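A.B. asks: coords please:
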Amino acid sequence: MPESIIAGIPVHFPFEPYEVQRAFMEKVIMCLRDGTNGVLESPTGTGKTLSLLCSSLAWIRTRQSEHQINMQKLQMEQQQRQATGGSATGAISDLALTMGKANNWGVPKVIYASRTHSQLTQAMRELKRTAYASMRSVVLGSRDQLCIHPDVMKEQGNSNKVNMCKLKVHAKTCSFQLRVESKKDHPDFRGPSIMDIEDLVKVGQRLKMCPYYASKELVSSADITFMPYNYLLDPKARKANKIELSNTIVILDEAHNIEKICEESASVQIRSSDVAMAIEDVTHIMKIFTSADSQDSGGPEEPKDFTLDDLTLLKEMLLELEKAIDGVVVENQVEGTTYPAAHIYELLGKANFTYGNCATIVALLDKLVQYLMVASQHSMLRKGGSFMVLSDLLNVVFANKEDIMAKVHRSFKVHVQIEDTKQTKPAGNSNSKQTGWLGKGNNATSTVSKTAKIINFWCFNPGFGMEQLLNTQVRSVILTSGTLAPLKPLIAELAIPVAQHLENPHIVDQSQVYVKIIGTGPDREQLISNYKNRDNPKYISSLGQTILNVSRIVPDGLLVFFPSYPMLNQCVDAWQASGLWADLSSRKPIFLEPRGKDQFTSTMEEFYQAIRDSKGACFMAVCRGKVSEGLDFADRNGRAVIITGLPFPPLKDPKVILKRRYLETNRTKENQLLSGQEWYNLDATRAVNQAIGRVIRHRHDYGAILLCDARFQDASQVQQLSKWIRGHLGARPQSSPFGPIVRELRQFFKHAEQTMVQPDERVVEPPLQIVCKEEQPTLTPSYNSNTQIKREPGSGVNKFQLASELAAKAEMANSIKSWTPADYVNAAGCTNQSQTAPNAMDFMSRLNSNVTSIDFNNTDLVKIHKRERSSPTANESLTSGKKRFKLISSTDMVKTEPGTSNSCSYGNTSSSGSDSRCCSAKPAEYPLKEAPESRADFLREVRSVVDSDKFRSFGKALLAYKTGGDNCFEVLMVLLLDVLGAPKLRYLLHGMRRYLKNEHKEEFDIRLASLQAS
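C.D. replies: Below is the predicted model of the structure:
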């Protein structure tokens, strides 16, 4: 790779770096060299992540080389002194060598933090293609992502999984965790220098070793550690993950939301219902302790390392806390009442929660949670969620030391709201009556009938959390993102000393970006999405006409961002009523951003597929939503972005009001804090900057940015846009008439298509790497250019598409090239059991349990023996001599056709440890094949072997099946038998089974067996 000398450090970059990349790397190296902090902005598409990794690791490698030379000199001096009899000095040298090695010879390590694990995975993928791929790295993930224990994976919610894991580790009943010590030095684990979440899970499954605990063993030897923000900024998470920050370089990528993250990590909330449920839970445990049948209630494995006196004291404190909360006066029943920060300490003090006993009570609460985790396995008990809420409250409130209370009083506020009465109902038992699930005679929940309240302890000073980070003696903190501007307010709010700052221009030419402010629509109606005008039917219609006209010009992907979900829904409803929605969808298929994260992956995959298979698509999303944060809409996926308004925070929201009030109160000339109104405006503009960044993603990309709100003409709004956007708008930006914009936009795309290199087909991965879903994988059809994909408001997003993507991910993670049930065990590991009685997750959970065979086709079809996913001998027995076996129905093994032999060979089937498999003899011209493993490859093969009309019918039937019931399954089966029933296509019919819903697989097997027998 080319080597460049940047700030005196040799940096190996995958290609000759551009000027903006050199400037960025120079600032990074200067921060590391001088031990200072930096705030660096570089627009999306300028290679920011690659520049960060190469520059920081180049500096680390240079320091390592220097210290290796020093170590060699030290060893030579030691040898010389020993030769002259200087044993004492030799002993000192031995001590110096030992201390130096323990401290990594003083060479700092890098912690690379980002918001999500998908962003961390992208960063690790970038690292793999650099010259620094050999440097040691590790990623820290949650138990939800890394745990492979079947009992833990079945738990609902991350907190339950955490506590179940802790319980099993404490009781030494987790065989995976017990193997960490013996397997942590295995070559498969220590060999690869870069392992992301999927790699860790894959190795853990193969070695039957816990990936979660094993990953922590790599931290001490890693040059760079990847982790999400909360692991770094939350003191509890830092302690739990044993993260040492002294002499560490901390890189906070995608730091445009860092202020909010710092504030939220120091904030906490508790409800009256949480306290009431905690009282119920303590009372129930006390009854178990005092009852004669206590031994039968929870099983012998329950850890009871607390006494009845502990429970009695805790219950008294909780009752006093409940009484104190009931006594809080809420003058404004709608918006709530605000109190000084000291009020939370007074409230807890009335219940005797103090700095002195906080640690003891938190330890007791953790023990109670573990107790209930076991007891809930045997009876209808809650799992201690109320105790965890109380523990979080105490940890956050009392994390602020008494010596900084003056700063706490300035930075925090207590806001008390009325709790919705629906939320005060006990969640533990739906059949409970009267006073809760403890039954008659229990007075613990009598106070729930009173006015329930929510106690919020809010932090409004992001510098408070950042100061705690700086106090850990880190060497450097580097904040970077594509949308940090303006930098001065950010630096002032974080109260961080910054020696290096940078606002990079974009890497693309002026001709590659078209930026305009559209102040009026085609009908000359003003486009302004303020509070007064957003309900104006003329404005909504004009906005729709603007989007429609733009969609006729923009090729491929069009992104439309709205200020909020209510505004998006209001526009869509109006456009559907007027017929404009139909006109727009006839030009481009329309997708709406789903609010649920479990629907997100499938919607994005549909959009990407529509771009690949049709003339384009339109995605309507919301600023600050998932689509606007970090997703890749490069090249054809996003040729234009329309911003329909400024996404100001809710003006009457109590937290927004208090934030503005905090800034006005604490603002001085010295600290350069923003005024409340300036912060309010900037919060909206930063969200716009982030949405704009979805389009131009690399050096050769091009696209249009259309700001459809007249307020973008205001100088105050323009100055808060990213520097490279301001350059395109000019010194005095004005909105242009709609007619000339249409002509210019058409000319821009015509010129770009003629002069720019058109991209090759890009394979886009799903944006969410690990999403938990209950259902089995099902198929999403590929669409041809004549198919319209429409997402109507309120319609359910197909769940089976999401599960299909997850199963494909599991297959790739396990690197298994032939279809076996073991391929799907990884998908079972991240199943979110949202339903009652999940039927043991069907055959996938049985793969995780201690069984020897799985009859997943009932009694009519073949029974196979379970094989170990990670066992080399099992793999060898299945793949010895590169042979493959295909599972077939039992009728295939006995049914013969006239004039044919009753068996056919798949090569030599005599390999040890496996039975010979025979199938019914088929005509020689139709050899038995295997359906492709990948969903995309499967669809391509179907499309290649059937005509376009049949494939179109195939796609429509699948779309109907995903939201329909049994009738739709009957329609699908008739079509499948018609399209794929021919002997030469029967292998594809076999392959369809994995994409069906669980309740239909048995009927499918019967139909298939009947077809084979006919």
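A.B. asks: distance from the chain centre to stretch 124-134, please.
C.D. replies: Centre-to-centre, stretch 124-134 and its host chain are 22 Å apart (Cα atoms, centre = their mean, to the nearest Å).
A.B. asks: in that stretch, what counts as buried?
C.D. replies: Neighbour-count burial for stretch 124-134 flags Met124, Glu126, Leu127, Thr130, Ala131, Tyr132, Ala133 (criterion: 16 or more other Cβ atoms under 10 Å). Quick note: C-beta positions are derived from backbone N, CA and C, even for glycine.
A.B. asks: out of those residues, which comes closest to Thr62?
C.D. replies: Using Cβ to Cβ, Tyr132 comes nearest to Thr62 of these, at 11.6 Å.
A.B. asks: leaving out chain neighbours, which residue sits closest to the closest one?
C.D. replies: In space, and not counting its chain neighbours, Tyr132 is closest to Leu57: 4.1 Å by Cβ to Cβ, 6 or more residues apart in numbering.
A.B. asks: show me what the helix or strand encompassing the one you found packs onto, helices and strands only.
C.D. replies: Using DSSP states H and E, Leu57 maps to helix 48-83. Judged by 3 or more Cβ pairs under 8 Å, 6 or more residues apart in numbering; DSSP states H and E, helix 48-83 is in contact with strand 9-12, helix 19-34, helix 87-102, strand 109-114, helix 117-128, strand 224-228, strand 248-252, strand 476-481.
A.B. asks: go with 6 Å
C.D. replies: For helix 48-83, the packing partners by 3 or more Cβ pairs under 6 Å, 6 or more residues apart in numbering; DSSP states H and E come out as strand 9-12, helix 19-34, helix 87-102, helix 117-128.
A.B. asks: and that helix with strand 248-252, angle?
C.D. replies: Counting by axes from the mean of the first three to the mean of the last three Cα atoms, to 10 degrees, helix 48-83 lies at 170 degrees to strand 248-252.
A.B. asks: all strands for the stretch 501-650 of the chain, in order.
C.D. replies: 513-517, 556-562, 590-592, 616-622, 640-643 (DSSP state E, counting those that start in this stretch).
A.B. asks: who wins for proximity to Thr116 among those strands?
C.D. replies: strand 616-622 (16.8 Å).
A.B. asks: adjacent strands (with direction) for the closest one?
C.D. replies: Sheet pairing for strand 616-622, assigned by DSSP bridges, gives strand 556-562 (parallel), strand 590-592 (parallel).
A.B. asks: just to revisit the earlier point, Gln720: which of the buried residues of stretch 124-134 is nearest?
C.D. replies: Each of the buried residues of stretch 124-134 was checked against Gln720 using Cβ to Cβ; the closest is Glu126, at 29.6 Å.
A.B. asks: list the contacts of the closest one.
C.D. replies: Taking Cβ atoms under 6 Å, 6 or more residues apart in numbering, we find Glu126 in contact with Thr49, Leu50.
A.B. asks: the same query, at a cut-off of 7 Å, please.
C.D. replies: By Cβ atoms under 7 Å, 6 or more residues apart in numbering, the contact list for Glu126 reads Thr49, Leu50, Leu53.
A.B. asks: which of those count as buried?
C.D. replies: Counted by 16+ other Cβ under 10 Å, those give Thr49, Leu50, Leu53 as buried.
A.B. asks: so where's the stretch 601-750 of the chain uncertain?
C.D. replies: For the stretch 601-750 of the chain, the stretches with pLDDT under 70 are 630.
A.B. asks: show me where it has helices.
C.D. replies: Assigned by DSSP state H, counting those that start in this stretch, the stretch 601-750 of the chain shows helices spanning 654-666, 676-692, 715-719, 723-729, 738-755.
A.B. asks: so can I have TSV of the ones you listed showing mean neighbour count and distance to Glu41?
C.D. replies: As requested, these are exported to TSV (neighbours: other Cβ atoms under 10 Å; distance: least, Cβ to Cβ, whole Å):
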stretch	mean neighbour count	distance to Glu41
helix 654-666	17	22
helix 676-692	22	10
helix 715-719	15	15
helix 723-729	18	8
helix 738-755	14	26
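A.B. asks: closest one to Ala936 among these?
C.D. replies: helix 738-755 (26.6 Å).
A.B. asks: put the alpha carbons of that closest one into CSV.
C.D. replies: The C-alpha trace of helix 738-755 is given here as CSV (Å, rounded to 0.1, in the frame of the first residue of the first chain):
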residue,chain,number,x,y,z
PHE,A,738,-40.1,26.0,-9.3
GLY,A,739,-40.1,26.0,-13.1
PRO,A,740,-36.3,26.9,-13.5
ILE,A,741,-35.5,24.3,-10.8
VAL,A,742,-37.2,21.6,-12.8
ARG,A,743,-35.2,22.4,-15.9
GLU,A,744,-31.9,22.7,-14.0
LEU,A,745,-32.5,19.4,-12.2
ARG,A,746,-33.2,17.6,-15.4
GLN,A,747,-30.0,19.0,-17.0
PHE,A,748,-28.0,18.1,-13.9
PHE,A,749,-29.0,14.4,-14.0
LYS,A,750,-28.6,14.3,-17.8
HIS,A,751,-25.1,15.8,-17.5
ALA,A,752,-24.1,13.5,-14.6
GLU,A,753,-25.3,10.3,-16.4
GLN,A,754,-23.2,11.3,-19.4
THR,A,755,-20.0,12.4,-17.6
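A.B. asks: run through who's touching it.
C.D. replies: Under Cβ under 7 Å, 6+ apart, the answer for helix 738-755 is Tyr514, Lys516, Ile518, Thr520, Gly521, Pro522, Asn549, Ile553, Val554, Pro555, Tyr702, Ala704.
A.B. asks: can you say which of the residues you listed are buried?
C.D. replies: The neighbour-count test (16+ other Cβ under 10 Å) marks Tyr514, Lys516, Ile518, Thr520, Gly521, Asn549, Ile553, Val554, Tyr702, Ala704 as buried among those.
A.B. asks: does the first one touch Tyr702 like I think?
C.D. replies: No: Tyr514 sits out of contact with Tyr702 when judged by Cβ atoms under 7 Å, with a separation of 8.4 Å.
A.B. asks: and Asn456, which of the strands of the stretch 501-650 of the chain is closest to it?
C.D. replies: With Cβ to Cβ as the criterion, Asn456 lies closest to strand 616-622 of these, at 24.6 Å.
A.B. asks: what's the angle from that closest one to helix 676-692?
C.D. replies: Using the same axes, to 10 degrees: strand 616-622 against helix 676-692 is 160 degrees.
A.B. asks: can you tell me the centre-most residue of the chain?
C.D. replies: Centroid check for the chain by Cα atoms, centre = their mean gives Thr116 as the closest residue, at 4.9 Å.
A.B. asks: residues in contact with that residue?
C.D. replies: Per Cβ under 7 Å, 6+ apart, neighbours of Thr116: Pro228.
A.B. asks: also Pro462?
C.D. replies: By Cβ under 7 Å, 6+ apart, the contact set of Pro462 is Glu259, Cys262, Glu263, Glu493, Leu494.
A.B. asks: would you single out the least confident of the helices and strands packed on helix 48-83?
C.D. replies: Among these, helix 87-102 has the lowest mean pLDDT, at a mean of 54.
A.B. asks: tell me where the model's unsure across this protein.
C.D. replies: Where the chain drops to pLDDT under 70, the residues are 85-105, 292-304, 377-381, 421-450, 597-598, 630, 759-928, 963-966, 1014.
A.B. asks: sorry, back to before: the residue nearest to Tyr132 and Ser137 touch, don't they?
C.D. replies: No: look at Leu57 against Ser137 with Cβ under 7 Å: they stay out of range, at 9.2 Å.
A.B. asks: common neighbours of these two, please.
C.D. replies: Listed as contacting both Leu57 and Ser137 by Cβ under 7 Å, 6+ apart are Asp223, Ile224.
A.B. asks: so between those two, which is more surrounded?
C.D. replies: Each of Leu57 and Ser137 has its neighbours counted (other Cβ atoms under 10 Å); Ser137 has more, 26 against 23.
A.B. asks: what does the more buried one show for phi and psi?
C.D. replies: Backbone torsions of Ser137, given as degrees, to the nearest 10, read phi -140, psi 160.
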